[in-house]
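Undergrad: Structure of the sequence below:
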Amino acid sequence: MPERKNAYLYYTPTQELESKVEVIRDIGRKYGFHLVEDPKDANIIISFGGDGTFLQSIRKTNFRDDCLYIGVNDGKLGFYTDFSTDDLEKIELGLQSDMIEVLKYPTLEVTVDGRQTFRCLNELSIRSQIIKTFALDVFIDGIYLETFRGDGLVVSTPTGSTAYNKSLRGAIVDPKLKSMQLTEIASLNNNQYRTLGSPLILSHERELVLKIIQDGNDHPIIGADNEALSIQHSKEIRIKVSETPIKTLRMKDNLFFHKLKRSFL
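TA: Predicted coordinates:
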């Protein structure tokens, strides 16, 4: 990372974590890195916490495509956090360019009612906000597929396939596949409503459109990664794989399948 030396640290300060971060600050200075107070001045953004904190760091800094994101976990390693505050030797190895590589993670680009556009790294979720099902029509590249009624739908990226999607019995997708996955939450299947009933993996060239059917039910909640969005009275949601990925760093000895085995097997 010789050309990237301005680092912004994203974390929630606690007395215990602050002392660990201070040690890592000293390591960074040793290798010529400069700490900046404003993320706009950074070309490296480092989060301290779990995968949730990593997701927040990306969302709070507006999905920068001109910088690298690095996740440092304060405990067990996650899918996005290749480094740990308890393994300083690995962090020092990570500062040596021959020990790391840049990964590009696909993101989702979501547009609501043609007005508001945002991105997701893990998933977009559309869920009922009351104890009642809601219905929506599903279109792929303008072709009507089905009318869904149930508790909701989740559209995930390959990296997000191991999160909420997996708990819904969705498929785990190799992050090297530029794609998105549509997974149902408690769908109704009867004489009136009929859905695939299984996860659907779509190419990055597809556009998924969800049109909410207004039949007297309350409007659903829209979630982006680990945040609920303040969007109400939405009618149409367009989702596609963004042309701009998120760039992050990974140790060469910590592949996706290592993380998969460590987390679930």
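Undergrad: helix, strand or coil for residue 259?
TA: Three-state assignment for residue 259 (DSSP: H, G, I helix; E, B strand; the rest coil): helix.
Undergrad: In the chain, which residue sits furthest out from the middle?
TA: residue 191 (36.0 Å; C-alpha atoms, centre = their mean).
Undergrad: Pretty sure that residue sits in a strand.
TA: No. The assignment for residue 191 (three-state DSSP) gives coil, which keeps it out of a strand.
Undergrad: Next one: it from residue 136, what distance?
TA: From residue 191 over to residue 136 the distance is 19 Å, taken as C-beta to C-beta, to the nearest Å. Any C-beta I mention is one placed from the backbone N, CA and C, and that applies to glycine too.
Undergrad: Then residue 247?
TA: Separation of residue 247 from residue 136 (C-beta to C-beta) stands at 33 Å.
Undergrad: helices or strands next to the worst-scoring helix or strand of the chain on mean pLDDT in the packing?
TA: Across the helices and strands of the chain, the lowest-confidence element by mean pLDDT, DSSP states H and E is helix 88-94, at a mean of 80. Helix 88-94 is packed against helix 15-30, strand 83-84, strand 246-251, with contacts defined by 3 or more C-beta pairs under 8 Å, 6 or more residues apart in numbering; DSSP states H and E.
Undergrad: what mean pLDDT does the second one have?
TA: Just to be clear, that refers to strand 83-84. What strand 83-84 shows for mean pLDDT is 88.
Undergrad: So which elements touch it?
TA: strand 68-73, helix 88-94.
Undergrad: Deepest in the core, which of those is it.
TA: Using mean count of other C-beta atoms under 10 Å, the stretch among these with the largest mean neighbour count is strand 68-73, at a mean of 24.
Undergrad: pull the CA atoms of it into CSV?
TA: Extracted C-alpha coordinates of strand 68-73, given in CSV (Å, rounded to 0.1, in the frame of the first residue of the first chain):
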residue,chain,number,x,y,z
LEU,A,68,-9.6,0.7,0.7
TYR,A,69,-11.7,-0.6,3.6
ILE,A,70,-10.0,-2.8,6.2
GLY,A,71,-11.8,-4.6,9.0
VAL,A,72,-10.1,-5.3,12.4
ASN,A,73,-12.2,-7.4,14.8
